[in-house]
Structure formats: structure tokens, C-alpha cells
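[1] sequence and computational prediction follow.
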Amino acid sequence: MKDITAGRLQRLLANLDKEIAPLEAVFNEGDRQLKHIEWVQIDLLHIVELETFSSVRGYHLAKKLKEVRTERRAIKDRWEELKIALDSLQETKEHMLAIREKRKNLDDRKYRIRKLDGDFEIYADDIVGKKKPLT
């Protein structure tokens with residue numbers, strides 16, 4: 001497995017940030033558009049619910065509602081695609097940050113002996129052997 005150097009990891013994280021920021025801006029704009037078109041839809045539905053209108057006016061309202069729903073679907077489809085991409089990039093970034101944190105911890109790791117309570121000896125060449133009983 002190829003080793004990822006700390007510098008390379010830092011560059012990858014920086015590049016991810018550069019990719020995520022503009023996507024978030026587009027995502028937020030899509031979210032704003034989606035909310036706006038939903039309010040337009042709600043207005044049309046309230047007009048249909050509360051007004052008395054002729055069949056011609058009813059046709060125009062239905063036609064407008066269909067246009068709004070079609071536009072909403074297009075906006076929502078783009079929004080969902082962006083959400084999947086953003087979630088994936090964010091998850092990748094979190095994994096890379098976890099790798100960086102793990103690397104930091106590897107340099108500082110310590111081990112506390114738990115079971116070698118005098119029953120074992122550590123020799124000069126780092127071999128652990130069981131102490132021979134004194135007889």
C-alpha cells in the first residue's frame with residue numbers, strides 16, 4: 001500500500017476544501033430556489049382552494065401549476081445530485097482528517113504494561129521470556 005505523506009495529505013485536504021466551497025454555494029442557491037418555487041406552488045394552491053373562478057381561469061391556474069411543478073422537479077433533481085456529491089466529499093474529508101489525527105497519535109503513543117508483572121524478563125534484543133523459577 002502506498003504511503004501517504006503528511007504533505008500530500010495536507011494538499012489533498014486543501015484541494016478538497018477548494019472543491020467543496022463552490023459546490024456548497026451552488027447547493028445553497030439551489031436550496032433557495034427550491035424554497036422559492038415551493039412558496040409559488042403554495043400560493044397557486046391557495047388561489048385554487050379559496051377563489052371562485054371560471055373554467056378558463058381554472059385552466060390557466062392548472063397550466064401554471066404544472067409549469068411550477070415541472071420547474072420544481074428540475075431544481076430538486078439538481079439539488080439532490082449536488083447533495084450526494086457534497087456528502088461524499090465531506091465524508092472523504094472526514095476520513096482524511098481521521099488519517100491525519102491517527103498519524104499524530106502514532107508519534108505519541110505509549111504502552112502501559114498490563115500482564116508482565118515480574119513473571120517475564122525483557123532481554124537486550126527485545127525478546128520477552130518467562131522467568132525461570134528459582135529452585
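    Cool, the structure landed.
[2] tell me the helices and strands packed up against the lengthiest helix in the chain.
    When the chain is parsed with DSSP state H, its longest helix is helix 55-107. Applying 3 or more C-beta pairs under 8 Å, 6 or more residues apart in numbering; DSSP states H and E, we find helix 55-107 packed against helix 6-50. C-beta here means a position set from N, CA and C on the backbone, and glycine is covered the same way.
[3] helices or strands next to the helix it packs on in the packing?
    Judged by 3+ C-beta pairs under 8 Å, 6+ apart, helix 6-50 is in contact with helix 55-107.
[4] the helix it packs on: how far from the chain's middle?
    Averaging C-alpha positions (C-alpha atoms, centre = their mean, to the nearest Å) puts helix 55-107 11 Å from its chain's average.
[5] quick one, that helix and helix 6-50 angle?
    160 degrees (axes from the mean of the first three to the mean of the last three C-alpha atoms, to 10 degrees).
[6] pLDDT on helix 55-107, on average?
    Averaged over helix 55-107, pLDDT sits at 91.
[7] with adjacent residues omitted, what lies nearest to L12?
    Of all residues not flanking L12 in the chain, M96 sits nearest, at 6.1 Å (C-beta to C-beta, 6 or more residues apart in numbering).
[8] actually V40, not the one I typed
    Using C-beta to C-beta, 6+ apart, the closest residue to V40 is V68 (5.4 Å).
[9] what about R73, distance to W39?
    16 Å (C-beta to C-beta, to the nearest Å).
[10] now do D17
    Taken as C-beta to C-beta, the span from D17 to W39 is 33 Å.
[11] neighbouring contacts of stretch 8-21?
    The list of residues contacting stretch 8-21 from outside it, by C-beta atoms under 8 Å, 6 or more residues apart in numbering, reads 4, 86, 89-90, 92-93, 96-97, 99-100, 103.
[12] tell me which two of these sit farthest apart.
    L86 and R103 (26.0 Å; C-beta to C-beta).
[13] more neighbours: which of the two?
    L86 (16 against 13; other C-beta atoms under 10 Å).
[14] quick check: the more buried one touching L23?
    Yes: the pair L86 / L23 is scored as a contact, 5.5 Å apart, by C-beta atoms under 8 Å.
[15] so who does the residue nearest to L12 touch?
    Contacts for M96 (C-beta under 8 Å, 6+ apart) come out as 9, 12-13, 16.
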